[in-house]
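Colleague: sequence unknown, structure follows:
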């Protein structure tokens, strides 16, 4: 069998695993084959494993073309690992929160340079969720052919190994805790960085809309000059098979705990505007190719990931209850759903 090729993300993860011992736990939750090569699906965890403490999951590389998502997650993990040797505040924080990292959800796609996995399936169209309202042709997910983009996989088939592994990690590490948050890092949509929350399969608001609005509120208070657009994905387009819709529904079925899955869509059109030659590169459409722009993206997004870590660890101080929750619900409806209500 041919040895696993030296994906940069794979090599950097192994370095972090070596540096992070004994604080960093590593689990292999599956394996993906590309020809004779084998790629492990790895999950790395830091912090308190007690299910009574909150948790944050950071995911990247779901779409293999969007390498920047994987790189952002790895960069944040690298920052934490390097601070473990000296940062007492970080050690104290890790007693109050669980951090979960799955930066290479689709290693086969990363290796091949494709959006889909090696089987041609778009993992973010692979969940067992059907849209309630009409979806855009093709983009909303299709079962016509794996040779076409946004392929969902055959009807009635089990989820792909990568999708099933992501769901298993979320169910094991995040769901059932009093508070948990997931951030899935992508790129390639528009001129602005967007933070999407469910639903993708319907315009109906989620049950935890007040909590999402409260999270947005403390984010804006802490980052006065930010450039993120915080919104439900349904404001842009609807899809079949969204894994985060599926996992949010799983969380709802389990109990009253709060689970907030978010998707970061880094606006790659801005990188193309500044460097139009990127249009002639498949990778350039989804990733910053000039080094200083990549560094700028990392600096901005690392602050975002750090914010979510702090927000989870301190969730009891900002989650709305009673009249405050009702107020956040009214404000969220007015902000994000007033068009649908008109």
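Modeller: The structure has been received and is ready for your questions. Fair warning: this is a prediction, and the values are worked out from it, not measured in the lab.
Colleague: This protein: helices as residue ranges?
Modeller: For the chain, helices defined by DSSP state H occupy the ranges 8-20, 67-83, 88-94, 107-112, 161-173, 209-222, 243-254, 268-274, 291-313, 322-336, 338-341.
Colleague: what about the longest one, average pLDDT?
Modeller: The one in question is helix 291-313. For helix 291-313, mean pLDDT rounds to 93.
Colleague: Mind giving me the packing neighbours of that helix?
Modeller: Helices and strands in packing contact with helix 291-313 are listed as strand 55-60, helix 67-83, helix 88-94, strand 179-187, helix 209-222, strand 258-266; criterion 3 or more CB pairs under 8 Å, 6 or more residues apart in numbering; DSSP states H and E. Any C-beta I mention is one placed from the backbone N, CA and C, and that applies to glycine too.
Colleague: Now the longest one: buried residues?
Modeller: Pointing back at helix 67-83 there. Judged by neighbour count using 16 or more other CB atoms under 10 Å, the buried positions of helix 67-83 are 67-78, 80-81.
Colleague: and those residues as CSV, adding pLDDT and distance to residue 220?
Modeller: What follows is the buried residues of helix 67-83, written out as CSV (pLDDT from 0 to 100; distance: CB to CB, whole Å):
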residue, pLDDT, distance to residue 220
67, 94, 29
68, 95, 24
69, 96, 23
70, 96, 28
71, 95, 26
72, 97, 21
73, 97, 24
74, 96, 27
75, 96, 24
76, 97, 21
77, 97, 26
78, 96, 28
80, 97, 25
81, 97, 30
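Colleague: could you dump those to TSV with distance to residue 58?
Modeller: What follows is the buried residues of helix 67-83, written out as TSV (distance: CB to CB, whole Å):
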residue	distance to residue 58
67	15
68	14
69	10
70	10
71	12
72	8
73	5
74	9
75	11
76	7
77	8
78	12
80	10
81	13
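Colleague: Centre-most residue in this structure?
Modeller: Among the residues of the chain, the smallest C-alpha distance to the mean C-alpha position (CA atoms, centre = their mean) belongs to residue 184, namely 0.5 Å.
Colleague: show me the contacts for residue 167.
Modeller: Remark: with contacts taken as CB atoms under 8 Å, 6 or more residues apart in numbering, residue 167 is in contact with 127, 159, 243, 246, 247, 250.
Colleague: Quick one: buried ones out of these?
Modeller: Among those, the ones that count as buried by 16+ other CB under 10 Å are 127, 159, 243, 246, 247.
Colleague: Give me the distance between the nearest residue to the first one once chain neighbours are set aside and residue 173.
Modeller: It refers to residue 127. Counting by CB to CB, 6 or more residues apart in numbering, residue 246 is the residue found nearest to residue 127 once chain neighbours are left out, at 3.8 Å. Residue 246 sits at a distance of 16 Å from residue 173 (criterion: CB to CB, to the nearest Å).
Colleague: And for residue 213?
Modeller: Distance of residue 213 to residue 173, given as CB to CB: 25 Å.
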